[in-house]
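Asker: return a 3D structure for these sequence lines:
(one chain, ligands or ions: 1)
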Amino acid sequence: MQNYAPPTAEHSTVQDLLYAPEIRRAFLFIDEAQEETTEELIRICEIPAPPFKEDARAQYVRRRFEELGLESARIDSEGNVIAERAGRSSHPRVILSAHLDTVFPEGTDVKVRREGRRLCAPGIADNTCGVVSLTAVARALDAADVRTEGRLYFVATVGEEGEGNLRGVRHLFTEGEFRTGADGFISLDGPGVERITHRALGSRRYRVSVSGPGGHSWGDFGIVNPVHALGRAIARFAAYPAPLAPRTAYNVGIIEGGSSVNSIPERASMTVDMRSVSSEEIDKLESYLRRVVELAVREENLQRATSGTSLSYEMEQVGDRPSGETPIEFPIVQAAIACSRALGIEPRLDCSSTDSNIPISMGLPAITIGAGGMSGNCHCLTEWYDPAGRELGLKRVLLLLVALAGVAG
Ligand SMILES: [Zn+2]
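Answerer: Predicted structure coming up:
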């Protein structure tokens, strides 16, 4: 990991950059390419990318990177797409990234419907609008013949959402191509132009499974019931007084189990998400969860003791996202603030759980920002995206990328 100060981290230098002829040309290209960018957005959105099955979308993005003249477009062993754009030298190495995956399972209808200006489809904002920005920015750099000092990497990651547990970005920075670090990592996630996520919201996820003998609801009445035990656990867990500061949250997101209304289930499980800006609060929440599950199973076993049956349970960790912070003083945060202000945007510093959690937790300079435009109902089937104002987001991304990589003078 190199320690370098980007030549354009200061406001005045970003202002200079803003008026450089090649940047003006790139901005003009972004404006003129709006329709094509929207068409590309729709094409990518309509290629399903369910959790752990991003391959079709990855192949498409790899091909597009190749067509756009990026170098060595490839898919790594985890499924991430990577392509490069040479600079005058090989450093600094700056990564522009967006996650390919959606939260929606296989078989979800991803056909894009238009409602006025709005484009409606699951995953269109989170994160197809981020993915399309990679190609939109690469095209604009090329069309305007922008030459950078450092080398740019365009990366589309797998496994950001849910049980993907950041597997794509984790691979990149642990065993993959950036295991030796990078000088800057910018993740594009969702719409908007104000957010600069420089703090990583940590989370921990568990699947809690309760098992028993199972039986007939009438014939075997009186034996232990895993669903009843889970119900007791959830009631207690949901009463946890999460602090407002440091902000902490929890959610039982999935409950599963049972086979019919007149069977006592053999098994039931729940998947729990716990988040906090403080890792100590996550630890507290986790030990509370362990206590309530143990208590709930014990209660159910006690109440049904005369039946001679008992439940057992196990807790499996299905997610662990480290927390951390890229300090505000770091050049990448300062450059993001300066680029936002140069474009008339007042940025909002933010804490969230994104691909940047991994590099941030390793002390690498990383942020996550929006790709422009507006959206609503993210992670719902009614998700929509409105590209109005997207050009401002793309310009901010391009300006920041060039500010960090430096202009080849
Ligand atoms: Zn996302």
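Asker: and the lowest-mean-pLDDT helix or strand in the chain, what does it pack against?
Answerer: Within the chain, no helix or strand scores below helix 11-18, which has a mean of 80 by mean pLDDT, DSSP states H and E. When contacts are defined as 3 or more Cβ pairs under 8 Å, 6 or more residues apart in numbering; DSSP states H and E, helix 11-18 packs onto helix 331-342, helix 390-405. Bear in mind the C-beta positions are built from the backbone N, C-alpha and C, glycine included.
Asker: can you show me the CA trace of it as PDB?
Answerer: C-alpha atoms of helix 11-18 as PDB (Å, rounded to 0.1, in the frame of the first residue of the first chain):
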ATOM      1  CA  HIS A  11     -10.300  22.500  -3.600                       C
ATOM      2  CA  SER A  12      -8.400  24.900  -5.800                       C
ATOM      3  CA  THR A  13      -6.800  22.100  -7.800                       C
ATOM      4  CA  VAL A  14     -10.100  20.400  -8.300                       C
ATOM      5  CA  GLN A  15     -11.500  23.700  -9.600                       C
ATOM      6  CA  ASP A  16      -8.600  23.800 -12.100                       C
ATOM      7  CA  LEU A  17      -9.400  20.200 -13.100                       C
ATOM      8  CA  LEU A  18     -13.000  21.200 -13.600                       C
END
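Asker: of the helices and strands packed on helix 11-18, give the one that comes closest to the ion.
Answerer: helix 390-405 (14.7 Å; Cβ to the ion).
Asker: neighbouring contacts of the least confident helix or strand of the chain?
Answerer: 7-8, 23, 335, 338-339, 341-343, 399, 402-403, 407 (Cβ atoms under 8 Å, 6 or more residues apart in numbering).
Asker: now these as TSV including pLDDT?
Answerer: Output for these, formatted as TSV (pLDDT from 0 to 100):
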residue	pLDDT
Pro7	43
Thr8	42
Ile23	97
Ala335	96
Ala338	96
Cys339	97
Arg341	96
Ala342	95
Leu343	96
Leu399	97
Val402	97
Ala403	96
Val407	91
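Asker: with respect to Glu84, which of those is nearest?
Answerer: Closest approach to Glu84 among the contacts of helix 11-18 (Cβ to Cβ): Val402, at 15.6 Å.
Asker: so what's the closest one up against?
Answerer: 8, 17, 23, 141, 146, 148.
Asker: of the helices and strands packed on helix 11-18, flag the one that's most buried.
Answerer: helix 390-405 (a mean of 26; mean count of other Cβ atoms under 10 Å).
Asker: as TSV, the helices and strands packed on helix 11-18 with distance to the ion would be great.
Answerer: Output for the helices and strands packed on helix 11-18, formatted as TSV (distance: least, Cβ to the ion, whole Å):
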stretch	distance to the ion
helix 331-342	18
helix 390-405	15
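Asker: show me the one of those helices that comes nearest Thr135.
Answerer: helix 390-405 (10.7 Å).
Asker: so how far is that closest one from its chain's centroid?
Answerer: 20 Å (Cα atoms, centre = their mean, to the nearest Å).
Asker: neighbours around the spatially closest residue to Ser352 that is not a sequence neighbour, how many?
Answerer: Of all residues not flanking Ser352 in the chain, Thr197 sits nearest, at 4.5 Å (Cβ to Cβ, 6 or more residues apart in numbering). As a burial measure, Thr197 scores 25 neighbours (other Cβ atoms under 10 Å).
Asker: state the distance from Ser404 to Ile234.
Answerer: You called it Ser, but residue 404 is Leu. To Ile234, Leu404 is 46 Å away according to Cβ to Cβ, to the nearest Å.
Asker: no no, Gly363
Answerer: Going from Gly363 to Ile234 by Cβ to Cβ gives 38 Å.
Asker: those two: which is more packed in?
Answerer: Ile234 (18 against 12).
Asker: element containing the more buried one?
Answerer: helix 226-237 (DSSP states H and E).
Asker: pick out the residue nearest the middle of the chain.
Answerer: Centroid check for the chain by Cα atoms, centre = their mean gives Thr354 as the closest residue, at 3.9 Å.
Asker: state the distance from that residue to His91.
Answerer: Taken as Cβ to Cβ, the span from Thr354 to His91 is 25 Å.
Asker: what does Ile23 give?
Answerer: For Ile23, the distance to His91 - Cβ to Cβ - is 21 Å.
Asker: so which of those two has more stuff around it?
Answerer: Ile23 (22 against 15).
Asker: surely the more buried one and Ala144 touch.
Answerer: Yes. Using Cβ atoms under 8 Å, Ile23 makes contact with Ala144 at a distance of 7.3 Å.
Asker: below-threshold pLDDT in the stretch 201-350 of the chain: ranges please.
Answerer: Within the stretch 201-350 of the chain, no range satisfies pLDDT under 70.
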